[in-house]
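>>> I would like the atomic coordinates for the input below:
(one chain, ligands or ions: 1)
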Amino acid sequence: MNSKKVKEGISLFQCPLCGELLEALTNVHCVTKHQLSKRELIARHGSAKYVAPRITREVQEWIRDAQIISKADFEVAQAAARNQFTRGIAR
Ligand SMILES: [Zn+2]
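Now for the predicted structure:
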């Protein structure tokens, strides 16, 4: 899979020059992509934009959905166990 799946708890920064999302605006990115030191890039283009809040909300929604699924799974398992128990008594 080559989708940019959002990792839980990650914070992302957007490069002010090329808009690429990075875990951190690193000197390596600035030098290799833009031939500028991080300090020079920030001085010319502004600091990296923090984009984590949007990601966090998506992650929270994903967690909520996952909890709903696991609760349903739990109830199905409970019902199956109860069913088995009742059959056992009936015998
Ligand atoms: Zn960049």
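>>> Can you name the residues of this structure sitting close to the ion?
With Cβ under 5 Å from the ion as the criterion, the chain comes near the ion at residues 15, 17-18, 33. All C-beta atoms are positioned from the backbone trio N, CA, C, and that covers glycine.
>>> cutoff 8 Å now
By the rule Cβ under 8 Å from the ion, the part of the chain lying against the ion is 15-20, 22, 25, 29-30, 33-34, 41.
>>> so Lys38 touches Leu25, yeah?
Yes - with contact defined as Cβ atoms under 8 Å, Lys38 reaches Leu25; the gap is 6.5 Å.
>>> These two: who's more crowded?
The residue with more neighbours, out of Lys38 and Leu25, is Leu25; 21 against 18, by other Cβ atoms under 10 Å.
>>> in the protein, which ranges drop under the pLDDT threshold?
By pLDDT under 70, the weakly predicted segments of the chain are 1-11, 52-57, 59, 63, 68-69, 87-91.
>>> what domains does the record give for it?
What automatic domain parsing lists as the domains of the chain is 11-50, 52-91.
>>> For my notes, confirm Glu75 occurs in a helix.
Yes - with DSSP: H, G, I helix; E, B strand; the rest coil as the criterion, Glu75 is part of a helix.
>>> That's all I had, so thanks and see you.
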